[in-house]
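> Need coordinates for the following:
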Amino acid sequence: MTLTRTLALLAILGGVLIGLAGLSDNAVLTPEPSQPDVPRLIRRSNEALVVTAEAVLIQRLQNEEVLYERNADASLPMASLTKLMAALLFSEAADPIEPVLFSADAKRAGQPDDKRSSVPAGEQLKAEDVLALMLSASDSDAAFAAAEHVAQRRQPELETAPFGERIEKFMERMNRRAEEIGLAGTHYGNPSGSEGAENVSTARDLARLSGYIMRARPELWTSSRLREGVAFGAGGQRYSFVNTNPLLGEFPVIYGSKTGLNNDAKGALLMVYSLAPDEPIAIVLLRSGDRFGDGRAAIRWLESNFMLESPYHAGQ
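Below you'll find the model as predicted:
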């Protein structure tokens, strides 16, 4: 061994020893974050995705691998996609069979042209039915009823407070949870996504929220994919509802979805699509001129461009 090479090895060894000496007994070495052990997606075509949406994100929820993005970090109006966070907090606070009151204030809240259920003021529904009305039918009165219910349950002293104060307290919870989850480009102004309120998010934030719901409250996606159903009032009255996403009939493997529509947001659509078993893909479309046409195009693009790695391919 030459003298030069010997000196280089000694220098390296000395650096290692100095580094170890600098560690205290209580020092913790933080490992590099590791990705979940999931199969690779193989790109089998370079077909272009053509959609009208201003912001788009198509992302694997298993490992957050981005398959397509456009303006994914732009904060844009999200309309009724707002109800996903409202439903998350509501599901955490209320038991499925717990009665929830539709107050006169909840029925009136929002804009005059907001979509509302046929449930009359003063009626009580089970919490699980309220979730279905929020997520499947996208009814704004259900979102306000849920928000009012959570506010009063979390803070009983609010029972005698004005309706607006109860909703304000719920909005504080929604925005606090957005911060906790890491939705940096998201802000909630009301629980339903009514036009005129500051309900904005990014495609990336909404995909992250989708993944959070998948892990923490997957039953919300079950409610969201009900194509139609009947909610029952306290006295047995029947209130039928129909899902706002027609793509559920075309693509049965949509695991969950949420639609949104108003003048500010144009069309909004979020879907969790099962490309394969245990392979959920988030598809987020914001400010779309044709949300269902865009959603259909995104699913077909995904199916034609990607395939899950098989054991045969993995061994190559």
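> I'd assumed residue 231 was in contact with residue 239.
Yes - at 4.6 Å, residue 239 counts as touching residue 231 under the criterion of C-beta atoms under 8 Å. (C-beta placed from N, C-alpha, C; glycine too.)
> More neighbours: which of those two?
Neighbours were counted for residue 239 and for residue 231 using other C-beta atoms under 10 Å; residue 231 has more, 24 against 19.
> pretty sure that one is in contact with residue 119, am I right?
Yes - between residue 231 and residue 119 there is a contact at 7.1 Å, judged by C-beta under 8 Å.
> Just list the residues touching the closest residue to residue 290 other than its chain neighbours, thanks.
With sequence-adjacent residues excluded and distances taken as C-beta to C-beta, 6 or more residues apart in numbering, residue 290 is closest to residue 52, at 5.3 Å. Contact analysis of residue 52 by C-beta atoms under 8 Å, 6 or more residues apart in numbering lists 288, 289, 290, 293, 294.
> which residues are common contacts for residue 239 and residue 231?
117, 119, 125.
> What subset of those is buried?
Buried subset of the shared contacts of residue 239 and residue 231 (neighbour count, 16 or more other C-beta atoms under 10 Å): 117, 119, 125.
> Apart from its chain neighbours, what residue comes closest to residue 308?
residue 276 (4.7 Å).
> Quickly name whichever of the shared contacts of residue 239 and residue 231 is closest to residue 189.
Closest approach between the shared contacts of residue 239 and residue 231 and residue 189, by C-beta to C-beta: residue 117, at 21.5 Å.
> In contact with the closest residue in space to residue 143 that isn't next to it in sequence, which residues are there?
The spatial neighbour of residue 143 that comes closest, neighbours along the chain excluded (C-beta to C-beta, 6+ apart), is residue 192 at 3.9 Å. Contact analysis of residue 192 by C-beta under 8 Å, 6+ apart lists 80, 82, 83, 86, 109, 110, 114, 140, 143, 144.
> measure the third one to residue 161 for me?
Per C-beta to C-beta, to the nearest Å, residue 83 is found 23 Å from residue 161.
> Touching, residue 246 and residue 292? I think so.
Yes - here residue 246 reaches residue 292: they are 6.1 Å apart, a contact under C-beta under 8 Å.
> Start from the N-terminal end of this protein and give the strands.
41-43, 55-60, 66-70, 76-77, 99-101, 124-126, 200-201, 228-232, 238-242, 254-262, 266-276, 279-288, 306-308 (DSSP state E).
> Could you tell me the angle between the third one and strand 266-276?
Orientation note: strand 66-70 sits at an angle of 170 degrees relative to strand 266-276 (axes from the mean of the first three to the mean of the last three C-alpha atoms, to 10 degrees).
> Have a look at residue 83 and residue 161 and say which one is more surrounded.
residue 83 (29 against 14).
> show me the contacts for that one.
134, 135, 138, 143, 191, 192, 193, 258.
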